[in-house]
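> I'd like to go over a predicted model; first the sequence, then the structure.
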There are 2 protein chains.
Amino acid sequence: MRSITLFAVPGIGEITPGADLAAVILAAAGSAPETALRPGDILAVTSKIVSKAEGRQVAAEDREQAITDETVRVVASKVHPGGVTRIVENKLGIVSAAAGVDNSNTPAGTVLLLPVDPDASARALCAGLRRELGFDVGVLITDTLGRAWREGQTDAAIGAAGMDVMLDLRGTADAFGQEMKATMTAVADEIAAAADLVKGKTSQCPVAVLRGLPDLVHPEGFFSADRGARALVRPAARDMFRLGSAEAWREGYAAACHDAGLPLPGWFTAGANGTAPAADGQN
Amino acid sequence: MRSITLFAVPGIGEITPGADLAAVILAAAGSAPETALRPGDILAVTSKIVSKAEGRQVAAEDREQAITDETVRVVASKVHPGGVTRIVENKLGIVSAAAGVDNSNTPAGTVLLLPVDPDASARALCAGLRRELGFDVGVLITDTLGRAWREGQTDAAIGAAGMDVMLDLRGTADAFGQEMKATMTAVADEIAAAADLVKGKTSQCPVAVLRGLPDLVHPEGFFSADRGARALVRPAARDMFRLGSAEAWREGYAAACHDAGLPLPGWFTAGANGTAPAADGQN
(Lines give C-alpha, C1' and ligand atoms only; values in the text may rest on other atoms or scores of the structure.)
Protein backbone atom coordinates (compact mmCIF):
# COMPACT_ATOMS: atom_id res chain seq x y z
CA MET A 1 0.00 0.00 0.00
CA ARG A 2 1.46 3.31 -1.06
CA SER A 3 0.85 6.01 1.53
CA ILE A 4 2.10 9.40 2.57
CA THR A 5 1.75 11.40 5.75
CA LEU A 6 1.76 15.16 6.11
CA PHE A 7 2.03 16.97 9.40
CA ALA A 8 2.39 20.56 10.48
CA VAL A 9 5.51 21.26 12.53
CA PRO A 10 4.24 22.68 15.82
CA GLY A 11 5.90 25.44 17.78
CA ILE A 12 7.39 27.60 15.03
CA GLY A 13 7.09 31.01 16.63
CA GLU A 14 7.16 34.46 15.08
CA ILE A 15 10.10 34.74 12.67
CA THR A 16 12.27 37.86 12.82
CA PRO A 17 14.71 39.28 10.27
CA GLY A 18 17.96 37.37 10.25
CA ALA A 19 16.47 34.26 11.86
CA ASP A 20 18.23 31.00 11.07
CA LEU A 21 15.29 29.12 9.58
CA ALA A 22 17.07 25.78 9.45
CA ALA A 23 17.81 25.99 13.18
CA VAL A 24 14.28 27.12 14.03
CA ILE A 25 12.70 24.31 12.02
CA LEU A 26 15.05 21.66 13.37
CA ALA A 27 14.42 22.72 16.96
CA ALA A 28 10.65 22.70 16.47
CA ALA A 29 10.55 19.42 14.54
CA GLY A 30 12.98 17.77 16.96
CA SER A 31 10.83 18.49 20.00
CA ALA A 32 8.85 15.28 19.54
CA PRO A 33 9.96 11.90 18.14
CA GLU A 34 7.16 11.70 15.57
CA THR A 35 7.94 15.10 14.03
CA ALA A 36 11.73 14.67 13.99
CA LEU A 37 12.89 14.78 10.37
CA ARG A 38 13.81 11.58 8.57
CA PRO A 39 15.67 10.82 5.35
CA GLY A 40 13.56 11.61 2.29
CA ASP A 41 11.21 13.98 4.10
CA ILE A 42 10.04 16.99 2.09
CA LEU A 43 9.46 20.29 3.89
CA ALA A 44 6.88 22.73 2.55
CA VAL A 45 7.71 26.13 3.99
CA THR A 46 5.31 29.06 3.60
CA SER A 47 7.10 31.88 1.78
CA LYS A 48 5.91 34.30 4.44
CA ILE A 49 8.42 33.09 7.03
CA VAL A 50 11.22 32.97 4.48
CA SER A 51 10.43 36.59 3.60
CA LYS A 52 10.37 37.56 7.27
CA ALA A 53 13.73 35.89 7.92
CA GLU A 54 15.16 37.68 4.88
CA GLY A 55 13.91 41.06 6.06
CA ARG A 56 11.41 41.51 3.24
CA GLN A 57 8.86 43.26 5.48
CA VAL A 58 8.69 46.86 4.33
CA ALA A 59 6.72 49.88 5.43
CA ALA A 60 3.85 50.55 3.04
CA GLU A 61 0.78 52.58 3.77
CA ASP A 62 -0.49 51.63 0.36
CA ARG A 63 -0.64 47.97 -0.58
CA GLU A 64 -1.67 48.88 -4.13
CA GLN A 65 1.53 50.89 -4.63
CA ALA A 66 3.59 48.01 -3.27
CA ILE A 67 1.93 45.71 -5.80
CA THR A 68 2.73 48.17 -8.59
CA ASP A 69 6.36 48.26 -7.49
CA GLU A 70 6.62 44.47 -7.61
CA THR A 71 4.90 44.19 -11.00
CA VAL A 72 6.88 43.53 -14.14
CA ARG A 73 3.88 43.31 -16.45
CA VAL A 74 0.13 43.69 -16.03
CA VAL A 75 -1.58 40.61 -17.45
CA ALA A 76 -5.18 41.65 -16.81
CA SER A 77 -7.13 44.04 -14.65
CA LYS A 78 -10.75 44.48 -13.87
CA VAL A 79 -12.67 47.22 -12.11
CA HIS A 80 -15.42 45.99 -9.81
CA PRO A 81 -17.40 47.49 -6.94
CA GLY A 82 -14.80 46.42 -4.36
CA GLY A 83 -11.87 47.98 -6.23
CA VAL A 84 -9.54 46.74 -8.96
CA THR A 85 -8.38 43.19 -9.40
CA ARG A 86 -5.01 43.09 -11.07
CA ILE A 87 -3.45 39.92 -12.41
CA VAL A 88 0.25 40.66 -12.79
CA GLU A 89 3.55 39.01 -13.54
CA ASN A 90 6.15 39.57 -10.86
CA LYS A 91 9.94 39.59 -11.04
CA LEU A 92 10.01 35.80 -10.70
CA GLY A 93 7.76 35.31 -13.74
CA ILE A 94 4.91 34.18 -11.50
CA VAL A 95 1.44 35.35 -12.52
CA SER A 96 -0.78 36.13 -9.54
CA ALA A 97 -3.35 38.56 -8.23
CA ALA A 98 -1.05 40.67 -6.05
CA ALA A 99 2.55 40.13 -7.16
CA GLY A 100 3.08 38.21 -3.93
CA VAL A 101 2.54 41.34 -1.81
CA ASP A 102 1.08 40.16 1.47
CA ASN A 103 -0.46 42.18 4.27
CA SER A 104 -2.16 39.40 6.17
CA ASN A 105 -0.40 38.28 9.32
CA THR A 106 1.83 41.38 9.17
CA PRO A 107 1.70 44.43 11.44
CA ALA A 108 -0.46 47.34 10.27
CA GLY A 109 1.37 49.71 7.93
CA THR A 110 3.67 47.03 6.58
CA VAL A 111 3.58 44.53 3.77
CA LEU A 112 5.68 41.51 3.11
CA LEU A 113 7.33 41.01 -0.27
CA LEU A 114 8.29 37.61 -1.66
CA PRO A 115 11.85 36.37 -1.21
CA VAL A 116 14.09 37.89 -3.90
CA ASP A 117 15.03 34.43 -5.21
CA PRO A 118 12.92 31.66 -3.64
CA ASP A 119 14.93 28.90 -5.34
CA ALA A 120 18.10 30.31 -3.77
CA SER A 121 16.31 30.56 -0.41
CA ALA A 122 15.24 26.93 -0.76
CA ARG A 123 18.78 25.85 -1.64
CA ALA A 124 20.23 27.62 1.38
CA LEU A 125 17.62 26.16 3.72
CA CYS A 126 18.00 22.69 2.24
CA ALA A 127 21.77 22.81 2.57
CA GLY A 128 21.50 24.00 6.18
CA LEU A 129 19.07 21.22 7.08
CA ARG A 130 21.13 18.52 5.37
CA ARG A 131 24.32 19.70 7.08
CA GLU A 132 22.76 19.39 10.51
CA LEU A 133 20.79 16.24 9.82
CA GLY A 134 23.45 14.28 7.99
CA PHE A 135 20.92 12.97 5.45
CA ASP A 136 18.96 14.25 2.46
CA VAL A 137 15.63 16.08 2.67
CA GLY A 138 13.81 18.21 0.09
CA VAL A 139 12.58 21.77 0.50
CA LEU A 140 9.72 23.63 -1.14
CA ILE A 141 8.82 27.27 -0.58
CA THR A 142 5.11 27.79 -1.11
CA ASP A 143 2.74 30.62 -1.87
CA THR A 144 -1.01 30.86 -2.40
CA LEU A 145 -2.03 31.43 -6.01
CA GLY A 146 -5.29 31.94 -7.86
CA ARG A 147 -6.00 30.09 -11.06
CA ALA A 148 -7.54 30.94 -14.41
CA TRP A 149 -10.99 29.39 -14.94
CA ARG A 150 -11.32 27.99 -11.43
CA GLU A 151 -12.56 29.59 -8.24
CA GLY A 152 -10.50 29.73 -5.09
CA GLN A 153 -6.80 29.53 -4.50
CA THR A 154 -4.39 26.68 -3.95
CA ASP A 155 -0.85 26.64 -2.66
CA ALA A 156 1.91 26.16 -5.22
CA ALA A 157 5.70 25.88 -5.14
CA ILE A 158 7.64 29.07 -5.86
CA GLY A 159 10.98 27.75 -4.63
CA ALA A 160 12.48 24.26 -4.50
CA ALA A 161 15.74 22.52 -3.71
CA GLY A 162 17.00 18.98 -3.38
CA MET A 163 14.04 17.39 -5.13
CA ASP A 164 12.16 16.92 -8.39
CA VAL A 165 9.48 19.50 -9.10
CA MET A 166 8.05 17.75 -12.16
CA LEU A 167 7.57 14.10 -13.06
CA ASP A 168 7.94 13.67 -16.78
CA LEU A 169 5.78 10.71 -17.79
CA ARG A 170 5.87 11.48 -21.51
CA GLY A 171 6.81 8.35 -23.37
CA THR A 172 5.86 6.09 -20.48
CA ALA A 173 3.66 3.18 -21.51
CA ASP A 174 0.27 2.84 -19.84
CA ALA A 175 -1.29 -0.46 -18.80
CA PHE A 176 -2.44 -1.10 -22.39
CA GLY A 177 1.02 -0.43 -23.77
CA GLN A 178 0.02 2.89 -25.30
CA GLU A 179 2.31 5.82 -24.89
CA MET A 180 0.97 8.41 -22.47
CA LYS A 181 0.80 11.86 -23.98
CA ALA A 182 1.37 15.25 -22.45
CA THR A 183 1.71 14.02 -18.92
CA MET A 184 4.05 16.15 -16.91
CA THR A 185 2.96 16.03 -13.32
CA ALA A 186 3.77 19.17 -11.36
CA VAL A 187 4.51 17.22 -8.18
CA ALA A 188 5.95 20.22 -6.36
CA ASP A 189 2.67 22.08 -6.77
CA GLU A 190 0.74 18.98 -5.71
CA ILE A 191 2.89 18.71 -2.58
CA ALA A 192 2.46 22.42 -1.83
CA ALA A 193 -1.31 21.99 -2.15
CA ALA A 194 -1.28 18.93 0.09
CA ALA A 195 0.79 20.77 2.70
CA ASP A 196 -1.73 23.60 2.82
CA LEU A 197 -4.30 21.10 4.07
CA VAL A 198 -2.38 20.70 7.33
CA LYS A 199 -0.86 24.18 7.58
CA GLY A 200 -4.10 26.14 7.37
CA LYS A 201 -4.18 29.86 6.69
CA THR A 202 -4.95 31.28 10.12
CA SER A 203 -3.26 28.83 12.47
CA GLN A 204 0.35 30.01 12.08
CA CYS A 205 1.71 26.61 11.14
CA PRO A 206 4.04 27.75 8.36
CA VAL A 207 5.97 24.48 7.93
CA ALA A 208 4.60 21.11 6.96
CA VAL A 209 6.48 17.88 6.35
CA LEU A 210 5.55 15.30 3.75
CA ARG A 211 6.79 11.82 4.53
CA GLY A 212 6.58 8.97 2.06
CA LEU A 213 7.93 10.17 -1.28
CA PRO A 214 11.68 9.73 -0.77
CA ASP A 215 12.22 8.94 -4.46
CA LEU A 216 11.65 12.61 -5.25
CA VAL A 217 14.55 13.68 -3.03
CA HIS A 218 18.03 13.68 -4.52
CA PRO A 219 21.55 14.33 -3.35
CA GLU A 220 23.14 17.67 -4.11
CA GLY A 221 24.19 18.00 -7.73
CA PHE A 222 21.45 15.80 -9.16
CA PHE A 223 20.44 17.61 -12.34
CA SER A 224 16.65 17.53 -12.15
CA ALA A 225 16.67 18.54 -8.51
CA ASP A 226 18.77 21.60 -9.32
CA ARG A 227 16.26 23.19 -11.66
CA GLY A 228 14.19 24.61 -8.82
CA ALA A 229 10.61 25.79 -8.92
CA ARG A 230 11.46 28.19 -11.74
CA ALA A 231 10.94 25.16 -14.00
CA LEU A 232 7.23 25.34 -13.13
CA VAL A 233 6.86 28.84 -14.57
CA ARG A 234 5.70 28.59 -18.18
CA PRO A 235 7.95 30.55 -20.53
CA ALA A 236 6.33 33.35 -22.55
CA ALA A 237 6.75 31.47 -25.82
CA ARG A 238 4.54 28.64 -24.53
CA ASP A 239 2.00 30.87 -22.77
CA MET A 240 -1.35 31.18 -24.57
CA PHE A 241 -2.71 33.50 -21.85
CA ARG A 242 -0.12 36.26 -21.78
CA LEU A 243 -2.88 38.85 -21.59
CA GLY A 244 -6.41 38.88 -20.27
CA SER A 245 -9.08 38.57 -22.95
CA ALA A 246 -10.15 42.21 -22.62
CA GLU A 247 -6.56 43.47 -22.75
CA ALA A 248 -5.70 41.40 -25.81
CA TRP A 249 -8.93 42.45 -27.50
CA ARG A 250 -7.99 46.10 -26.95
CA GLU A 251 -4.52 45.52 -28.37
CA GLY A 252 -6.06 43.93 -31.45
CA TYR A 253 -8.52 46.77 -31.85
CA ALA A 254 -5.77 49.36 -31.51
CA ALA A 255 -3.56 47.50 -33.99
CA ALA A 256 -6.31 47.51 -36.60
CA CYS A 257 -6.89 51.23 -36.14
CA HIS A 258 -3.17 51.83 -36.48
CA ASP A 259 -2.93 49.69 -39.62
CA ALA A 260 -5.86 51.58 -41.17
CA GLY A 261 -4.42 54.95 -40.20
CA LEU A 262 -7.50 55.72 -38.11
CA PRO A 263 -7.58 57.38 -34.69
CA LEU A 264 -8.76 55.37 -31.71
CA PRO A 265 -12.43 56.02 -31.00
CA GLY A 266 -13.37 58.05 -27.95
CA TRP A 267 -14.96 55.18 -26.08
CA PHE A 268 -11.72 53.24 -26.52
CA THR A 269 -9.47 55.76 -24.84
CA ALA A 270 -12.09 56.39 -22.13
CA GLY A 271 -12.38 52.70 -21.34
CA ALA A 272 -8.97 51.94 -19.90
CA ASN A 273 -8.42 49.26 -17.31
CA GLY A 274 -10.00 46.50 -19.30
CA THR A 275 -13.44 48.10 -19.37
CA ALA A 276 -13.71 48.35 -23.14
CA PRO A 277 -16.50 46.37 -24.73
CA ALA A 278 -15.28 42.91 -25.52
CA ALA A 279 -16.70 39.81 -27.03
CA ASP A 280 -17.95 36.85 -25.08
CA GLY A 281 -18.63 38.30 -21.69
CA GLN A 282 -15.16 38.73 -20.29
CA ASN A 283 -16.00 42.09 -18.79
CA MET B 1 0.09 18.12 15.81
CA ARG B 2 -2.24 18.34 12.84
CA SER B 3 -1.60 15.54 10.37
CA ILE B 4 -3.23 13.75 7.49
CA THR B 5 -2.56 10.44 5.82
CA LEU B 6 -3.26 9.51 2.22
CA PHE B 7 -3.12 6.00 0.89
CA ALA B 8 -3.94 4.31 -2.38
CA VAL B 9 -6.57 1.60 -2.09
CA PRO B 10 -4.90 -1.56 -3.44
CA GLY B 11 -6.55 -4.22 -5.52
CA ILE B 12 -9.05 -2.20 -7.56
CA GLY B 13 -9.07 -4.19 -10.76
CA GLU B 14 -10.23 -3.26 -14.24
CA ILE B 15 -13.63 -1.58 -14.07
CA THR B 16 -16.30 -2.66 -16.57
CA PRO B 17 -19.53 -0.92 -17.63
CA GLY B 18 -22.22 -1.27 -15.01
CA ALA B 19 -19.78 -2.03 -12.19
CA ASP B 20 -20.99 -1.11 -8.70
CA LEU B 21 -18.17 1.22 -7.74
CA ALA B 22 -19.19 1.50 -4.10
CA ALA B 23 -19.09 -2.29 -3.74
CA VAL B 24 -15.76 -2.57 -5.58
CA ILE B 25 -14.14 0.14 -3.44
CA LEU B 26 -15.53 -1.23 -0.18
CA ALA B 27 -14.30 -4.73 -0.98
CA ALA B 28 -10.83 -3.48 -1.90
CA ALA B 29 -10.52 -1.11 1.04
CA GLY B 30 -11.92 -3.66 3.47
CA SER B 31 -9.32 -6.29 2.59
CA ALA B 32 -6.88 -4.93 5.19
CA PRO B 33 -7.57 -3.30 8.54
CA GLU B 34 -5.49 -0.20 7.83
CA THR B 35 -7.27 0.59 4.57
CA ALA B 36 -10.79 -0.06 5.86
CA LEU B 37 -12.76 3.17 5.65
CA ARG B 38 -13.41 5.21 8.77
CA PRO B 39 -15.79 8.08 9.60
CA GLY B 40 -14.65 11.34 8.01
CA ASP B 41 -12.47 9.71 5.36
CA ILE B 42 -12.43 11.42 1.96
CA LEU B 43 -12.14 9.28 -1.16
CA ALA B 44 -10.52 10.73 -4.26
CA VAL B 45 -11.65 8.65 -7.22
CA THR B 46 -10.06 9.05 -10.64
CA SER B 47 -12.76 10.02 -13.14
CA LYS B 48 -11.51 7.32 -15.48
CA ILE B 49 -13.03 4.48 -13.46
CA VAL B 50 -16.28 6.38 -12.96
CA SER B 51 -16.47 6.83 -16.73
CA LYS B 52 -15.76 3.15 -17.29
CA ALA B 53 -18.45 2.09 -14.82
CA GLU B 54 -20.88 4.45 -16.54
CA GLY B 55 -20.12 3.03 -19.99
CA ARG B 56 -18.49 6.22 -21.30
CA GLN B 57 -15.92 4.30 -23.33
CA VAL B 58 -16.74 4.91 -26.98
CA ALA B 59 -15.24 3.77 -30.23
CA ALA B 60 -13.22 6.57 -31.78
CA GLU B 61 -10.55 6.17 -34.39
CA ASP B 62 -9.94 9.88 -34.16
CA ARG B 63 -9.25 11.40 -30.75
CA GLU B 64 -9.31 14.90 -32.25
CA GLN B 65 -12.86 14.39 -33.50
CA ALA B 66 -13.91 13.11 -30.08
CA ILE B 67 -12.46 16.26 -28.51
CA THR B 68 -14.37 18.41 -30.99
CA ASP B 69 -17.58 16.58 -30.12
CA GLU B 70 -17.09 17.22 -26.40
CA THR B 71 -16.20 20.89 -26.89
CA VAL B 72 -18.67 23.64 -26.13
CA ARG B 73 -16.30 26.51 -26.83
CA VAL B 74 -12.73 26.82 -28.05
CA VAL B 75 -10.80 29.03 -25.63
CA ALA B 76 -7.45 28.98 -27.41
CA SER B 77 -5.58 26.94 -29.96
CA LYS B 78 -2.05 26.85 -31.14
CA VAL B 79 -0.39 25.12 -34.05
CA HIS B 80 3.01 23.63 -33.28
CA PRO B 81 5.26 21.03 -34.92
CA GLY B 82 3.61 18.16 -32.99
CA GLY B 83 0.07 19.13 -33.99
CA VAL B 84 -2.51 21.49 -32.55
CA THR B 85 -2.98 22.25 -28.87
CA ARG B 86 -6.57 23.19 -28.17
CA ILE B 87 -7.72 24.64 -24.88
CA VAL B 88 -11.46 24.13 -24.76
CA GLU B 89 -14.42 24.43 -22.47
CA ASN B 90 -16.40 21.22 -22.12
CA LYS B 91 -20.04 20.63 -21.28
CA LEU B 92 -19.26 20.89 -17.57
CA GLY B 93 -17.72 24.35 -17.93
CA ILE B 94 -14.25 22.93 -17.27
CA VAL B 95 -11.43 24.45 -19.33
CA SER B 96 -8.79 21.91 -20.28
CA ALA B 97 -6.55 20.79 -23.09
CA ALA B 98 -8.63 17.89 -24.37
CA ALA B 99 -12.21 18.30 -23.11
CA GLY B 100 -11.57 15.36 -20.80
CA VAL B 101 -11.21 12.94 -23.72
CA ASP B 102 -8.81 10.25 -22.59
CA ASN B 103 -7.12 7.55 -24.61
CA SER B 104 -4.47 6.48 -22.13
CA ASN B 105 -5.19 3.26 -20.31
CA THR B 106 -7.97 2.48 -22.79
CA PRO B 107 -7.94 -0.17 -25.53
CA ALA B 108 -6.76 0.96 -28.98
CA GLY B 109 -9.54 2.48 -31.07
CA THR B 110 -11.49 3.73 -28.08
CA VAL B 111 -11.55 6.85 -25.98
CA LEU B 112 -13.07 7.52 -22.63
CA LEU B 113 -15.33 10.51 -22.12
CA LEU B 114 -15.88 12.19 -18.75
CA PRO B 115 -18.91 11.23 -16.68
CA VAL B 116 -21.98 13.13 -17.92
CA ASP B 117 -22.45 14.75 -14.49
CA PRO B 118 -19.53 14.09 -12.14
CA ASP B 119 -21.28 15.75 -9.19
CA ALA B 120 -24.21 13.37 -9.64
CA SER B 121 -21.77 10.46 -9.94
CA ALA B 122 -20.09 11.58 -6.72
CA ARG B 123 -23.43 11.86 -4.95
CA ALA B 124 -24.46 8.37 -6.01
CA LEU B 125 -21.14 6.87 -4.96
CA CYS B 126 -21.14 8.77 -1.67
CA ALA B 127 -24.67 7.64 -0.87
CA GLY B 128 -23.81 4.04 -1.70
CA LEU B 129 -20.73 4.08 0.50
CA ARG B 130 -22.54 5.74 3.42
CA ARG B 131 -25.40 3.23 3.20
CA GLU B 132 -23.05 0.28 3.49
CA LEU B 133 -20.69 1.86 6.03
CA GLY B 134 -23.27 3.39 8.33
CA PHE B 135 -21.18 6.54 8.75
CA ASP B 136 -20.27 9.67 6.73
CA VAL B 137 -17.44 9.86 4.21
CA GLY B 138 -16.75 12.40 1.47
CA VAL B 139 -16.20 11.70 -2.23
CA LEU B 140 -14.24 13.57 -4.88
CA ILE B 141 -14.01 12.65 -8.54
CA THR B 142 -10.72 13.84 -9.97
CA ASP B 143 -9.22 14.64 -13.33
CA THR B 144 -5.84 15.86 -14.51
CA LEU B 145 -5.82 19.48 -15.67
CA GLY B 146 -3.24 21.82 -17.10
CA ARG B 147 -2.94 25.38 -15.83
CA ALA B 148 -2.43 28.79 -17.36
CA TRP B 149 1.05 30.25 -16.72
CA ARG B 150 2.46 27.15 -15.08
CA GLU B 151 4.05 24.06 -16.58
CA GLY B 152 2.79 20.58 -15.92
CA GLN B 153 -0.56 19.29 -14.79
CA THR B 154 -2.12 18.70 -11.41
CA ASP B 155 -5.17 16.73 -10.40
CA ALA B 156 -8.31 18.71 -9.55
CA ALA B 157 -11.82 17.91 -8.40
CA ILE B 158 -14.50 17.71 -11.11
CA GLY B 159 -17.11 16.05 -8.91
CA ALA B 160 -17.79 16.16 -5.18
CA ALA B 161 -20.35 14.99 -2.65
CA GLY B 162 -20.77 14.99 1.09
CA MET B 163 -18.02 17.52 1.75
CA ASP B 164 -16.90 21.11 1.42
CA VAL B 165 -15.04 21.94 -1.77
CA MET B 166 -14.01 25.46 -0.74
CA LEU B 167 -13.02 26.99 2.60
CA ASP B 168 -14.17 30.59 2.69
CA LEU B 169 -11.76 32.46 4.94
CA ARG B 170 -12.88 35.92 3.83
CA GLY B 171 -13.60 37.98 6.89
CA THR B 172 -11.53 35.75 9.16
CA ALA B 173 -9.11 37.67 11.35
CA ASP B 174 -5.42 36.82 11.05
CA ALA B 175 -3.02 36.62 13.98
CA PHE B 176 -2.64 40.43 13.96
CA GLY B 177 -6.39 40.96 13.99
CA GLN B 178 -6.47 42.13 10.37
CA GLU B 179 -9.13 40.81 8.12
CA MET B 180 -7.84 38.34 5.56
CA LYS B 181 -8.71 39.31 2.00
CA ALA B 182 -9.61 37.17 -0.95
CA THR B 183 -8.84 33.87 0.68
CA MET B 184 -11.04 31.13 -0.62
CA THR B 185 -9.13 27.90 -0.37
CA ALA B 186 -10.08 25.36 -3.02
CA VAL B 187 -9.64 22.43 -0.62
CA ALA B 188 -11.20 19.91 -2.99
CA ASP B 189 -8.55 20.71 -5.61
CA GLU B 190 -5.83 20.54 -2.96
CA ILE B 191 -7.08 17.12 -1.86
CA ALA B 192 -7.28 15.92 -5.47
CA ALA B 193 -3.67 17.06 -5.96
CA ALA B 194 -2.56 15.36 -2.76
CA ALA B 195 -4.30 12.15 -3.77
CA ASP B 196 -2.44 12.11 -7.09
CA LEU B 197 0.81 11.80 -5.14
CA VAL B 198 -0.19 8.31 -3.96
CA LYS B 199 -2.27 7.22 -6.94
CA GLY B 200 0.35 7.77 -9.61
CA LYS B 201 -0.45 7.89 -13.30
CA THR B 202 0.75 4.51 -14.51
CA SER B 203 0.19 2.27 -11.50
CA GLN B 204 -3.57 1.76 -11.81
CA CYS B 205 -4.40 2.90 -8.31
CA PRO B 206 -7.49 4.93 -9.16
CA VAL B 207 -8.74 5.44 -5.61
CA ALA B 208 -6.97 7.19 -2.75
CA VAL B 209 -8.24 7.89 0.73
CA LEU B 210 -7.43 11.00 2.73
CA ARG B 211 -7.73 10.51 6.47
CA GLY B 212 -7.53 13.39 8.92
CA LEU B 213 -9.86 16.15 7.73
CA PRO B 214 -13.22 14.96 9.08
CA ASP B 215 -14.41 18.55 9.57
CA LEU B 216 -14.80 18.85 5.81
CA VAL B 217 -17.26 15.95 5.69
CA HIS B 218 -20.92 16.67 6.33
CA PRO B 219 -24.12 14.71 6.65
CA GLU B 220 -26.50 14.58 3.74
CA GLY B 221 -28.42 17.81 3.27
CA PHE B 222 -25.70 20.12 4.60
CA PHE B 223 -25.85 23.11 2.27
CA SER B 224 -22.19 23.72 1.51
CA ALA B 225 -21.57 20.04 0.93
CA ASP B 226 -24.34 19.89 -1.64
CA ARG B 227 -22.84 22.45 -4.02
CA GLY B 228 -20.51 19.93 -5.57
CA ALA B 229 -17.37 20.58 -7.58
CA ARG B 230 -19.32 22.75 -10.00
CA ALA B 231 -18.74 25.52 -7.42
CA LEU B 232 -15.04 25.40 -8.36
CA VAL B 233 -15.73 26.32 -11.98
CA ARG B 234 -15.45 30.10 -12.39
CA PRO B 235 -18.53 31.59 -14.01
CA ALA B 236 -18.03 33.44 -17.30
CA ALA B 237 -18.80 36.82 -15.74
CA ARG B 238 -15.81 36.45 -13.39
CA ASP B 239 -13.45 34.93 -15.95
CA MET B 240 -10.76 37.31 -17.22
CA PHE B 241 -9.31 34.61 -19.48
CA ARG B 242 -12.32 33.59 -21.52
CA LEU B 243 -10.18 33.57 -24.65
CA GLY B 244 -6.50 33.00 -25.38
CA SER B 245 -4.53 36.19 -25.98
CA ALA B 246 -4.17 35.54 -29.71
CA GLU B 247 -7.87 34.74 -30.11
CA ALA B 248 -8.98 37.83 -28.22
CA TRP B 249 -6.50 39.96 -30.17
CA ARG B 250 -8.00 38.69 -33.42
CA GLU B 251 -11.54 39.45 -32.21
CA GLY B 252 -10.48 42.98 -31.35
CA TYR B 253 -8.80 43.43 -34.71
CA ALA B 254 -11.87 42.15 -36.53
CA ALA B 255 -14.17 44.38 -34.47
CA ALA B 256 -12.17 47.48 -35.39
CA CYS B 257 -12.26 46.56 -39.09
CA HIS B 258 -15.99 46.03 -38.82
CA ASP B 259 -16.53 49.36 -37.03
CA ALA B 260 -14.49 51.16 -39.70
CA GLY B 261 -16.32 49.41 -42.54
CA LEU B 262 -13.06 47.90 -43.75
CA PRO B 263 -12.52 44.36 -45.03
CA LEU B 264 -10.32 42.03 -43.05
CA PRO B 265 -6.80 42.01 -44.47
CA GLY B 266 -5.60 38.96 -46.35
CA TRP B 267 -3.04 37.91 -43.74
CA PHE B 268 -5.82 37.95 -41.16
CA THR B 269 -8.08 35.49 -42.90
CA ALA B 270 -5.09 33.33 -43.85
CA GLY B 271 -3.87 33.16 -40.28
CA ALA B 272 -6.60 31.20 -38.58
CA ASN B 273 -5.97 29.00 -35.58
CA GLY B 274 -4.35 31.65 -33.49
CA THR B 275 -1.44 32.19 -35.84
CA ALA B 276 -2.11 35.86 -36.51
CA PRO B 277 0.55 38.29 -35.40
CA ALA B 278 -0.05 39.28 -31.82
CA ALA B 279 1.64 41.51 -29.33
CA ASP B 280 3.91 40.31 -26.60
CA GLY B 281 5.00 36.94 -27.81
CA GLN B 282 1.95 34.82 -27.28
CA ASN B 283 2.39 33.06 -30.59
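That came in fine, so what should we check first?
> Return, as residue ranges, the portions of the stretch 151-283 of chain A with sub-threshold pLDDT.
A:171-182, A:201-203, A:271-283 (pLDDT under 70).
> For it, which segments are assigned as strands?
Per DSSP state E, counting those that start in this stretch, the stretch 151-283 of chain A carries strands over the ranges A:153-161, A:167-168, A:184-185, A:207-211.
> Between those, which one is closest to residue A:44.
Closest to residue A:44 of the strands of the stretch 151-283 of chain A, according to CB to CB: strand A:207-211, at 4.8 Å. (Each C-beta comes from the backbone N, C-alpha and C, glycine too.)
> Tell me how far the nearest residue to residue A:95 once chain neighbours are set aside lies from residue A:147.
Excluding the flanking residues, the one nearest residue A:95 by CB to CB, 6 or more residues apart in numbering or on different chains is residue B:149, at 4.1 Å. Separation of residue B:149 from residue A:147 (CB to CB, to the nearest Å): 9 Å.
> same thing with residue A:116?
25 Å.
> Who has more neighbours out of the two?
Legend: neighbour count by other CB atoms under 10 Å in any protein chain shown for residue A:116 and residue A:147, higher for residue A:147 (25 against 12).
> list the contacts for the residue lying closest to that one once chain neighbours are set aside?
Spatially, and ignoring its direct neighbours in sequence, residue A:147 is nearest to residue B:147 (6.3 Å; CB to CB, 6+ apart). Residue B:147 makes contact with A:147-148, A:186, B:153-154, according to CB atoms under 8 Å, 6 or more residues apart in numbering or on different chains.
> before we move on, what about residue A:56?
A:112-116.
> among those residues, who's most crowded?
Busiest of these [other CB under 10 Å] is residue A:114, holding 27 neighbours.
> Mind pulling the model confidence for residue A:58?
Per-residue confidence (pLDDT) for residue A:58: 89.
> That one contacts residue A:69, doesn't it?
No. Assessed by CB atoms under 8 Å, residue A:58 is found out of contact with residue A:69, at 9.4 Å.
> show me what contacts the residue nearest to residue A:264 when sequence neighbours are not counted?
In this structure, residue A:264 finds its nearest non-sequential neighbour in residue A:257, 5.4 Å apart by CB to CB, 6+ apart. If you count contacts by CB under 8 Å, 6+ apart, residue A:257 has them with A:263-265, A:268, B:256, B:260.
> So which of the contacts of residue A:56 reach chain B?
With CB under 8 Å from any CB of the partner chain as the criterion, these include none near chain B.
> Tell me the one of those nearest chain B?
Ranked by distance to chain B (CB to the nearest CB), these are led by residue A:112 at 11.6 Å.
> before we move on, what SS does residue A:55 have?
coil (DSSP: H, G, I helix; E, B strand; the rest coil).
> same deal with the one 10 residues further on?
Secondary structure state of residue A:65, per three-state DSSP, is helix.
> gap between it and residue A:102?
If you go by CB to CB, the gap between residue A:65 and residue A:102 works out to 15 Å.
> Which one of those two is surrounded by more residues?
Taking other CB under 10 Å, residue A:65 and residue A:102 do not tie; residue A:102 has more neighbours (22 against 12).
> excluding its backbone neighbours, what's nearest the more buried one?
Residue A:102 sits nearest to residue A:112 (CB to CB, 6+ apart), 4.5 Å away.
> buried ones in stretch A:56-71?
A:56-57, A:60, A:66-67, A:70-71 (16 or more other CB atoms under 10 Å in any protein chain shown).
> so which pair among those is furthest apart in space?
So, the buried residues of stretch A:56-71 by CB to CB: farthest apart are A:57 and A:71, at 19.0 Å.
> Right, I'll call it a day here.
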